[in-house]
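# This is a predicted model, with the sequence first.
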Number of protein chains: 2
Amino acid sequence: MSNLKIASTDDLECDIPHPLETEHLAELGQGVLEPEKAQRMAEFFSFLGDPNRLRILSLLAQEELCVCDLAIALTMSESAVSHQLRTLRAIRLVRYEKRGRKVFYRLADHHILNLYQAVAEHLDEID
Amino acid sequence: MSNLKIASTDDLECDIPHPLETEHLAELGQGVLEPEKAQRMAEFFSFLGDPNRLRILSLLAQEELCVCDLAIALTMSESAVSHQLRTLRAIRLVRYEKRGRKVFYRLADHHILNLYQAVAEHLDEID
DNA sequence: TTAAAATATGAATAGCTGTTCAGATATTCG
DNA sequence: CGAATATCTGAACAGCTATTCATATTTTAA
């Protein structure tokens, strides 16, 4: 039985001090991430949760590039790159500009670079 | 035809200056995120790419909790919570300690909180 | 105008992921 | 001991996702 429901005898076995159960329940409620915001954050992280998208971003962090150059540099089909850019466009992580028959993409936001580097450093530390 | 392959006449249509094509190709190669590291980073972001995992982390950021309390606070089955904690354990994002028949989980790393807050702020800005 | 290049797009498919369900293990209580 | 609690685990299933393939569109080159 959870100590969230009733004042149980659990306090005898787990020797950490607990506030009154009613207060404890209220505390938990206020600390949870709202489902709606959790959803938005999860979507954002998911967009960064693909190796090829990260590699695209790593290239665009240096210079703007067109689809076919990205495809070559990443050894991906142009269609696959285009599909990925479509999703990156949807969340406004990249901007694009058409010149002739080419479309040049570049990063739209430098917040992503900070995240990018933070995780890169984090992974270097824990390994 | 991509400007990565040959020195084409593309420079006539796209009026940004380009270095020599051979140098350009070399530049691109050094800037790409290594596939192996891209994979690891993507895995890490993917772990944060689930609403329920984020909500678990948001709770554990405040206090340690056992599985059944997490389940109640998140309105999830205990099994689902346990499965998620399993993956969070795998990447060492949480630590656990068994006391009696309960298992208490807490954050193992405060780097995640920084990321967490960075994204939360980012999302607040772009909306 | 015809051909080729660059990109975009929708459908289809294979692979991944998160949940549920059933059951196993371990611990406490009577 | 036997019953209840807390957690874990594997299998199965549904939903999502990233790629491929075929095709359409637009623009430049010949």
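Everything's here; your move.
# okay, CA-based contacts and neighbour counts for the rest of this
Noted.
# Look up how far DNA strand C lies from A:Gln39.
To DNA strand C, A:Gln39 is 11 Å away according to CA to the nearest atom of the strand, to the nearest Å.
# quick one: contacts for the residue nearest the centre of chain A?
For chain A, the residue nearest the mean C-alpha position is A:Phe45 (1.4 Å; CA atoms, centre = their mean). Going by CA atoms under 8 Å, 6 or more residues apart in numbering or on different chains, A:Phe45 touches B:Phe45, B:Ser46, B:Leu48, B:Gly49.
# and the closest residue to the first one other than its chain neighbours, backbone torsions?
It refers to B:Phe45. Leaving aside its sequence neighbours, B:Phe45 sits nearest to A:Gly49 (CA to CA, 6 or more residues apart in numbering or on different chains; 4.7 Å). The phi/psi pair for A:Gly49 (degrees, to the nearest 10) reads phi -90, psi 30.
# try the one 3 residues further on
Phi and psi for A:Asn52, reported as degrees, to the nearest 10, are phi -70, psi -40.
# close enough to count as contact, it and B:Arg40?
No. Look at A:Asn52 against B:Arg40 with CA atoms under 8 Å: they stay out of range, at 11.7 Å.
# Of the two, which one has the most company?
The neighbour count for A:Asn52 versus B:Arg40, taken as other CA atoms under 10 Å in any protein chain shown, is higher for A:Asn52 (21 against 17).
# Considering only helices and strands, which part of chain A has the lowest mean pLDDT?
Lowest mean confidence among the helices and strands of chain A (mean pLDDT, DSSP states H and E): helix A:10-13, at a mean of 36.
# can you give me the helices for chain A?
With DSSP state H applied, chain A shows helices at A:10-13, A:21-31, A:35-47, A:51-60, A:67-74, A:78-90, A:111-126, listed in chain order.
# Of the ones you listed, give the one that comes closest to B:Lys98.
helix A:10-13 (11.0 Å; CA to CA).
# which regions of chain A sit below the pLDDT cut-off?
A:1-30, A:126-127 (pLDDT under 70).
# how does it divide into domains?
Annotated domains of chain A cover A:1-32, A:39-126 [automatic domain parsing].
# quick one: contacts for A:Gly49?
A:Gly49 makes contacts with B:Met41, B:Ala42, B:Glu43, B:Phe44, B:Phe45, B:Ser46, B:Gly49, as judged by CA under 8 Å, 6+ apart.
# and if we set it to 6 Å?
A:Gly49 makes contact with B:Ala42, B:Phe45, B:Ser46 under the criterion CA atoms under 6 Å, 6 or more residues apart in numbering or on different chains.
# any residue of stretch A:86-100 up close to DNA strand D?
Yes. Using CA under 7 Å from any atom of the strand, stretch A:86-100 comes into contact with DNA strand D via A:Arg99, A:Gly100.
# How far off centre is that stretch?
When distances are taken as CA atoms, centre = their mean, to the nearest Å, stretch A:86-100 is centred 18 Å away from the chain's centroid.
# and that stretch, which residues are buried?
Buried residues in stretch A:86-100, defined by neighbour count with 16 or more other CA atoms under 10 Å in any protein chain shown: A:Leu88, A:Arg89, A:Leu93, A:Val94, A:Arg95, A:Tyr96.
# Can I get that stretch as PDB, trimmed to CA atoms?
Below are the C-alpha coordinates for stretch A:86-100, written out as PDB (Å, rounded to 0.1, in the frame of the first residue of the first chain):
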ATOM      1  CA  ARG A  86      10.800  19.000 -43.400                       C
ATOM      2  CA  THR A  87      10.500  18.000 -39.800                       C
ATOM      3  CA  LEU A  88      13.300  20.400 -38.700                       C
ATOM      4  CA  ARG A  89      11.400  23.100 -40.600                       C
ATOM      5  CA  ALA A  90       8.200  22.300 -38.800                       C
ATOM      6  CA  ILE A  91       9.700  23.100 -35.400                       C
ATOM      7  CA  ARG A  92      11.500  26.100 -36.800                       C
ATOM      8  CA  LEU A  93      15.000  24.700 -36.100                       C
ATOM      9  CA  VAL A  94      16.100  25.600 -39.600                       C
ATOM     10  CA  ARG A  95      15.400  28.300 -42.100                       C
ATOM     11  CA  TYR A  96      15.700  27.900 -45.800                       C
ATOM     12  CA  GLU A  97      16.200  30.100 -48.800                       C
ATOM     13  CA  LYS A  98      15.700  29.100 -52.400                       C
ATOM     14  CA  ARG A  99      18.300  30.200 -54.900                       C
ATOM     15  CA  GLY A 100      17.900  29.000 -58.400                       C
END
